[in-house]
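# Sequence and predicted model, in that order:
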Amino acid sequence: MIRILLLALLAVMVTLKSHAALSVSPERVSNGGVALLRWQGEPLSFGVIRFREQIIYLYPDAAGAIALIPVGLDVPAGAYRLPAALVDRQGRTTFAEIPLQIVVAQRPVERLSLPEEMVTPAAEDLARIERESRLLGRVYALRSPRHWADFMRPVNDPVNSIFGKRRILNGKPKAPHSGTDFRSAAGTPVRALSDGRVAFVGDLFYTGKTVVVDHGEGLISLYAHLSETLVTEGMSLAAGTALGKVGSTGRSTGAHLHLTVRLLGERIDPMALLALFEE
């Protein structure tokens, strides 16, 4: 019922002018990217924006209020209008509309030849893969209170496989690369992307020794192929806390860190998220 009322409220805003205190950065975002929405003005008691029928809430920060807007890999290019409703602590309502331009990124295609067992799982592994997929689906659906604030790279090493790259393995097209790979040596400490709570620690078929951190408001980070984990489920972490060490467990051909980020269920580019908070 609340969602229906919010959609009805936002539906009447399409003719309203933008408010100078509400801004989005960047104004031009690639599919698979993320945008940062900021409100700078009177403190809010409530703020909400709609993007492609998804309701996104604004949350207080030092300058006013803030929200992250995920742009999924399947979002078509085009000019979008994002209607918003903002209610201050005196009950006054501001209606706003923010433009956002979506472009389709041209990402590379990687062709690899691997042992067939690295490409096609054995029949006896399929039940495990399905079970673990459901488990991660439940974690990605978490909507806990916001923890995230500042962001930092999980390792200082260079990227060697970008987000969204399409892979053809042994001639078979695979899903786009779901995260970012860092060229890190085995044993390198892996740091938490931002403040959060450990939502999962375990050994999974594809990602090996894995840690998943819930940063709140639908922002989830996953650290894969670790040689060892240094945290337990339920632990609270500050940005930069070591949570494991780089390894090559699971379906991996060599030591590296694979980082996946989900925002409100959408796969987004971890490097695009980090770029929003670089000074």
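Nice, thanks for sending it over.

# Now do the SS call for the closest residue to S161 other than its chain neighbours.
Counting by CB to CB, 6 or more residues apart in numbering, D181 is the residue found nearest to S161 once chain neighbours are left out, at 3.7 Å. Every C-beta, even on glycine, is put in place using the N, C-alpha and C of the backbone. Under DSSP: H, G, I helix; E, B strand; the rest coil, the three-state class of D181 is strand.

# residues contacting D181?
For D181, the contacting residues are V159, N160, S161, H256, L257, H258, L259, by CB atoms under 8 Å, 6 or more residues apart in numbering.

# just H177 next, same as before
With the criterion set at CB under 8 Å, 6+ apart, H177 makes contact with S161, I162, F163, G164, K165, R166, R167.

# What pLDDT does the model give K17?
pLDDT, K17: 41.

# Helix or strand: which one has the residue sitting furthest away from the middle of the chain?
Taking CA atoms, centre = their mean, the residue of the chain most remote from its mean C-alpha position is Q90, at 33.8 Å. For Q90, there is no host helix or strand (DSSP states H and E).

# nearest spatial neighbour of it, skipping sequence neighbours?
E42 (7.8 Å).

# list the contacts for that neighbour?
Contacts of E42 by CB under 8 Å, 6+ apart are G64, D88, R89, Q90, R92.

# Relative to A65, how far out is the residue lying closest to the second one once chain neighbours are set aside?
The spatially closest residue to D88, leaving aside those adjacent along the chain, is E42, at 4.3 Å (CB to CB, 6+ apart). Counting by CB to CB, to the nearest Å, the gap between E42 and A65 amounts to 10 Å.

# Count residues in the vicinity of A67, would you?
22 (other CB atoms under 10 Å).

# Pull up the pairing partners for the helix or strand hosting it, direction included.
Element membership of A67, judged by DSSP H and E, is strand 64-70. Pairing partners of strand 64-70, with direction, according to DSSP bridges: strand 34-39 (antiparallel), strand 59-61 (antiparallel).

# Please name whichever of the ones you listed is nearest to A192.
The minimum distance between A192 and these falls on strand 34-39, with 18.1 Å, by CB to CB.

# The following helix or strand past the closest one: which residues count as buried?
Using DSSP H and E, the helix or strand that follows strand 34-39 in sequence is strand 44-51. The neighbour-count check on strand 44-51 (16 or more other CB atoms under 10 Å) flags L44, G47, V48, I49, R50, F51 as buried.

# Retrieve the pLDDT associated with the last one.
Looking back up the chat, that one is F51. Reported pLDDT for F51: 94.

# circling back: which element follows the strand holding A67 toward the C-terminus?
strand 78-88.

# what packs against that following strand?
Where contact means 3 or more CB pairs under 8 Å, 6 or more residues apart in numbering; DSSP states H and E, strand 78-88 is packed against helix 2-11, strand 22-25, strand 44-51, strand 93-103.

# For H147, list the residues it contacts.
S194, D195, G196, R197, D214, H215, G216, S236.

# hmm, back to that, can I get the buried residues of strand 44-51 in a markdown table including distance to R143?
As requested, those are exported to a markdown table (distance: CB to CB, whole Å):
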| residue | distance to R143 |
| --- | --- |
| L44 | 19 |
| G47 | 17 |
| V48 | 14 |
| I49 | 16 |
| R50 | 17 |
| F51 | 16 |
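
# And those, which two are furthest apart?
Once CB to CB is applied, the buried residues of strand 44-51 give L44 and F51 as the farthest pair, at 18.2 Å.

# so where is this protein shaky, pLDDT-wise?
1-20, 108, 111-119, 169-171, 173-175, 279 (pLDDT under 70).

# gap between the nearest residue to V109 once chain neighbours are set aside and S178?
Spatial nearest neighbour of V109, chain neighbours left out: R166 (4.7 Å); criterion: CB to CB, 6+ apart. Note on R166: its distance to S178, by CB to CB, is 12 Å.
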